[in-house]
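only the shape, not the letters, is given here:
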């Protein structure tokens, strides 16, 4: 069992990890930047260590500062959360070289799945369906045009070494492809330090569905069902739910089997997520794997009864999974809304300001994961996520009704948030029907603006 963990992250996920440590009797040390000295995670941690200025490259993205913080406070493990260095194989390796446990998978798995071209090839070799696309990275403009003609338009360009929607471009013809290739390479280089791109067939009317897996250090692997993340804008998720309203029990079982078979091929350990695209006929295709805990992990926790962050810590501490696949029983329906400091009336432009008053929702079936509090000033140096509201119900209708109630109850005074748009979403007949695709939010935005 781990005794003391450095939380190498910030915001709501840092607080979530601290709480999981408390539940297990593990001491939690929060590493924080100067901009986060007033954060809630710092206030509730057993210890806190400043690791540098607000600039991420000099704090949360600085391995030397994080390792030093872990060593001087006597930690025996480092939990990277999500984002920052969570999927950095080099960081995982140096954590281990310094005699610490990395709360995540082994470095080879991170490296293999962190490169999308390598990940596609690995899953294809394991028999997992993949989206038709390039066999590896695109070499140059001529190679890109050749591959597009072979695959057929429309196509999507994607960075091989990153995620979050940055550097992704859809092309419906050769002219758009040539222009998009140069733009995507530049964005990928700026965001991820490398401009490598791969190409996939663009599927316009699809769902984005992911499978949560857990594996220990002894070869035991399970999946915890699926999450539907189709409600997204510019590849950034807004609402997630589990189970997916567009997935049958048969498809769920097949996807789960394929996911566990795929991660078994790389001897995966700890928590991870395989992302798939699902077409209207129920065909599904692997697109990438996230070798970390996901922002949307709470919906899976609520329907499965499995504490994913707790198991991340236990697995890193050498504990075997005590849960077998037959033990996993999915109950009810859960939905999550990401609450961001953004103005939906101005195309979700990030906003800054002080939270003059904050009132979270409550009542049956409501969970809130947030680092907000009255008087808090969210730093402008980081992403706009303020927290997450998650509701559970016996079925989807009850989960939706509870989310409507929770959103109406929530007060965040002092700065704009995404809540007004999300309230409109949950009142929208299309969303309530569950029959949506990844294009839903863009289409909903048009209706919402017209109504306003």
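Received, thanks. Owing to the predicted nature of the structure, the values given are computational and were not obtained by experimental measurement.

centre of the chain to the strand or helix carrying residue 109, how far?
Taking DSSP states H and E as the criterion, the element that holds residue 109 is helix 107-114. Taking the mean of its C-alpha atoms, helix 107-114 sits 17 Å from the chain's own mean (Cα atoms, centre = their mean, to the nearest Å).

which other residues reach the next helix or strand after that helix?
For helix 107-114, the following helix or strand on the C-terminal side (DSSP H and E) is helix 116-125. By Cβ atoms under 8 Å, 6 or more residues apart in numbering, the surrounding residues in contact with helix 116-125 are 111-113, 130, 133-137, 158-161, 196, 198, 262, 265-266, 274, 286-289. Glycine gets a C-beta too; all of them are placed from N, C-alpha and C.

and for the helix or strand just after helix 116-125, what are the contacting residues?
With elements assigned by DSSP H and E, the helix or strand that comes after helix 116-125 is helix 141-151. For helix 141-151, contacts defined as Cβ under 8 Å, 6+ apart pick out 132-134, 138, 155, 157, 171, 174, 177-178, 181-182, 197, 199-201.

equivalent analysis for stretch 34-44, please.
7, 10-11, 14-15, 18, 30, 32, 48, 50, 52-54, 59, 371-373, 376-377, 379, 381-382.

out of those residues, which are inside strands?
Of these, the ones assigned to strands by DSSP state E are 7, 30, 32, 48, 50.

picking up where we left off before, quick one: buried ones out of the contacts of stretch 34-44?
Neighbour-count burial (16 or more other Cβ atoms under 10 Å) applied to the contacts of stretch 34-44 gives 7, 10-11, 14-15, 18, 30, 32, 48, 52, 59, 371-372, 376, 379, 381-382.

test my guess that residue 227 contacts residue 213.
No - with contacts counted by Cβ atoms under 8 Å, residue 227 stays clear of residue 213, the gap being 12.0 Å.

and the two? Which one has more around it.
residue 227 (27 against 22; other Cβ atoms under 10 Å).

how far away is that one from residue 212?
7 Å (Cβ to Cβ, to the nearest Å).

what is in contact with those two at once?
In terms of Cβ under 8 Å, 6+ apart, residue 227 and residue 212 are both contacted by the residues 294, 300.

mind listing the strands for the stretch 201-350 of the chain?
207-215, 221-233, 236-242, 270-278, 284-290, 333-340, 342-343, 349-350 (DSSP state E, counting those that start in this stretch).

which one of those strands lies closest to residue 392?
strand 333-340 (4.7 Å; Cβ to Cβ).

avg pLDDT for that closest one?
Strand 333-340 carries an average pLDDT of 98.

stretch 14-25 now?
98.

residues of it that come out buried?
So, applying 16+ other Cβ under 10 Å, buried residues of stretch 14-25: 14-21, 24.

ok, so of those residues, who is nearest residue 401?
residue 16 (25.7 Å).

for that closest one, give me its contacts.
309, 369.

return the distance of it relative to residue 102.
In terms of Cβ to Cβ, residue 16 sits 18 Å off from residue 102.

which regions of the stretch 151-300 of the chain lie under the pLDDT threshold?
Along the stretch 151-300 of the chain, segments meeting pLDDT under 70 span 163-164.

residue contacts, the residue positioned nearest the centre of the chain?
In the chain, the residue lying closest to the centroid (Cα atoms, centre = their mean) is residue 294, at 3.6 Å. Contact analysis of residue 294 by Cβ under 8 Å, 6+ apart lists 82, 210, 212, 227, 273.

so which pair among the contacts of helix 141-151 is furthest apart in space?
Distance extremes for the contacts of helix 141-151: the farthest pair is 132 and 182 at 23.6 Å, using Cβ to Cβ.
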